[in-house]
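Undergrad: build me a model from this:
(chains A and B)
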Amino acid sequence: MATSVELSTEEGGTEGGPLLDVRNLHVEFRTREGVARAVNGVDYSVDAGETLAVLGESGSGKSVTAQAIMGILDSPPGFVTQGKIIFQGRDMLKLSGEERRKVRGARMAMIFQDALSSLNPVLNVGEQLGEMFTVHRGLSRKQARAKAVELMERVRIPAAKERVRSYPHQFSGGMRQRVMIAMAMALEPELIIADEPTTALDVTVQAQVMDLLADLQREYNMGLILITHDLGVVADVADKIAVMYAGRIVETSPVHDIYAKPAHPYTKGLLDSIPRLDQKGQELYAIKGLPPNLLHIPPGCAFNPRCPLAQDVCRTEVPPLYRVSRDRASACHFWKEVVGDDSAPADKA
Amino acid sequence: MTTAPQPTRPEPSDGQPADREPILQVRGLVKHFPLTQGIIFKRQVGAVQAVDGVSFDLFPGETLGIVGESGCGKSTVAKLLMNLEQPTAGEIIYRGEDITKLSGRALKAVRRNIQMVFQDPYTSLNPRMTVGDIIGEPYEIHPDVAPKGDRRKRVQDLLDVVGLNPEYINRYPHQFSGGQRQRIGIARGLALRPEVIVADEPVSALDVSVQAQVVNLMERLQDEFNLSYMFIAHDLSIVRHISDRVGVMYLGKIVEIGADEEIYSHPTHPYTQALLSAVPVPDPEAREYRERIILQGDVPSPADPPSGCRFRTRCWKAQERCVVEEPLLAVPEVFRGTAGPAEHDSACHFAEEKQVVRPED
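TA: Numbers count the residues shown, from 1 in each chain, chains lettered A, B, ... in the order given. Below you'll find the predicted structure:
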């Protein structure tokens, strides 16, 4: 596991800016019931070799943001209405479909949650892995198969030579997820987006898969966006976190600070509401109420109906992302109260 | 309630509440699903040994957590307890009676007292029935519990008990969120005032912020109605939170069982240790000193489990003895009579205490 936390959080960052820079992204779904505003002004960036965890519950917009970055949003009904997705210096939203297709898979790739439904059941895994090379690199089928075996070895699938002709259903869940990772890794992309990559797996297998992903990331110095709802997984692998709620980022922070001193009541509520393996708690803290319906997001701060600190201003004014410290921000009018009086996060520069 | 008053909930730290009469005794429970070949003339070519010799007690008012990975047989145990599957062998003794042998009226009477809450609140509620009909359906099957005119009132009381607005009685499941649906599932489980509730992954399908609400509700109801829970889950943190005792299953067998403190802070079985070490702890400071045991490979097929100890193919301690001799679930010899927290049942020849979860400072 990566232990050092290296952050280059100043906008602009290192030469030529971050690997991926998402700015003020808005996505809406135009449905028969009305317009669901799934993403409402998201900003985040990822550098090479860095892991950004995007944390949120279902409906928070974390996956939709990822789909917009990848360019695989179902459209219609989904539309990017505003914003920029700058990847390696180019705004992805300005590219043609053909140009975008060249980036997808080769420069950025995605790992999905459910490997069984993401893989084609009637093609063997060798064909599916090899397709990456025949389509993007123009290799022959035979060469592609050899490449597929190599990839399977790289993701530590035992007996790769024999298993290259196996079909997805003949693999266990963990092995299938390795195939997914192999497919994403095939063309050695600079950015990988992993959408709940281990949610469907058992804990011991989850540990294997996360280990593999971290090793590969280090080896190839890739940027990784890890989309998850699991605060434990985040604590294990992430460098920095963006917490999403109702389509907005409500808090961003380096991973260490957020667990010690959350600066948004939603983050604090989440941290307090999970039972811990290492302590036998009393009654769990429960965030009251439910995540909002995206067709009717509450005015002001979207979290206000569930927030213990909510005041009148929260019901009328949308909180901007306040700067908490050099590399932290919180979209809460009362972030100072949340962080606490003795606040001053450890690394205040 | 037709039953006599029950003793109060055992102390959470009390590992073996031996002085109390268990409400449910499971002895040598076995469930093999036959594997057949041939279309017209089916012959059995093997068996999936889903559950293979499981024994435990459930005491009144306590929560027994069962953890294990997918395929370990924990859900099959739940089905056997509910008598939804016939066991291949073994007994489930409820109040002195083996319920696996019961049928007809006697079985129906027992089922009233053992109810189930299912994992997926989206598929376990009939979308064409109103909430009132769903929660009231148990009364159709057991009309003696609530006379017809009384049912609506009872259902509304139940809705109130689980924290839903009683006026929602005529709504349909799709009008509720996941957490609310699980509350409906719990209300249905409570309708007949059972003594035992078997909950199979009751919160796994829910969002993190909603999980806590449902877990708290289940704990409150347990105190209010003195329920015994069999809480089956793969999430070790939630199981620790809610359970008084915990059993760890691997490939159809319980490999370790004890009070929650004994299992989580003093595990002696290597599988338990690996399982606990693999759980990501929501504390980034922990990743530096946390020792993780990464198991190799996958769980073997339950149709062809390894000889001897079933965990030996993935165990770093495995020796010749593990291949030939199956370890029994008992207090390991090294810990016998030590009166320490490591003295609990663990099915390993080379049981060793190892702290993998760092206790909170």
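
Undergrad: what's the domain layout of the chain?
TA: By default, I'm working from chain A. Here the domain parsing of chain A from automatic domain parsing is A:20-238, A:248-339.

Undergrad: chain B, not that one
TA: According to automatic domain parsing, the domains of chain B span B:24-36+B:47-243, B:268-346.

Undergrad: so which of the ones you listed gets nearest residue A:303?
TA: domain B:24-36+B:47-243 (10.6 Å; C-beta to C-beta). (Glycine included, C-beta is placed from N, CA and C.)

Undergrad: ok so residue A:45 is a helix residue?
TA: No - Residue A:45: not assigned to a helix; according to DSSP: H, G, I helix; E, B strand; the rest coil it is strand.

Undergrad: partner residues bridging it?
TA: Beta bridges link residue A:45 to residue A:21, judged by DSSP bridges.

Undergrad: give me the distance between it and residue A:242.
TA: 10 Å (C-beta to C-beta, to the nearest Å).

Undergrad: now do the shared contacts for those two.
TA: residue A:52 (C-beta atoms under 8 Å, 6 or more residues apart in numbering or on different chains).

Undergrad: okay, the two: which has more neighbours?
TA: residue A:242 (26 against 23; other C-beta atoms under 10 Å in any protein chain shown).

Undergrad: the more buried one against residue A:60, yeah?
TA: No - using C-beta atoms under 8 Å, residue A:242 is not in contact with residue A:60; the gap is 10.5 Å.

Undergrad: count the residues that sit near the residue nearest to residue A:84 when sequence neighbours are not counted.
TA: Distance criterion C-beta to C-beta, 6 or more residues apart in numbering or on different chains; nearest residue to residue A:84, sequence neighbours excluded, is residue A:23 at 4.4 Å. As a burial measure, residue A:23 scores 16 neighbours (other C-beta under 10 Å).

Undergrad: can you mark which positions in the host helix or strand of residue A:23 are buried?
TA: Taking DSSP states H and E as the criterion, residue A:23 maps to strand A:20-31. Of all the residues in strand A:20-31, those buried under the rule 16 or more other C-beta atoms under 10 Å in any protein chain shown are A:20, A:21, A:22, A:23, A:25, A:26, A:27, A:28, A:29.

Undergrad: returning to what we had before: could I get the domains of chain A as TSV with distance to residue B:121 and mean pLDDT?
TA: Listed next are those as TSV, based on distance: least, C-beta to C-beta, whole Å; pLDDT from 0 to 100:
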stretch	distance to residue B:121	mean pLDDT
domain A:20-238	13	89
domain A:248-339	14	88
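
Undergrad: so residue 184 is in which element?
TA: Looking at chain A here, since you left the chain open. Using DSSP H and E, the element containing residue A:184 is helix A:173-185.

Undergrad: should've been chain B
TA: helix B:178-190.

Undergrad: and the residue in the stretch 1-150 of chain A that chain B sits nearest to, backbone torsions?
TA: Nearest residue of the stretch 1-150 of chain A to chain B, counting by C-beta to the nearest C-beta: residue A:57, 4.2 Å away. In terms of degrees, to the nearest 10, the main-chain angles of residue A:57 are phi -90, psi 180.
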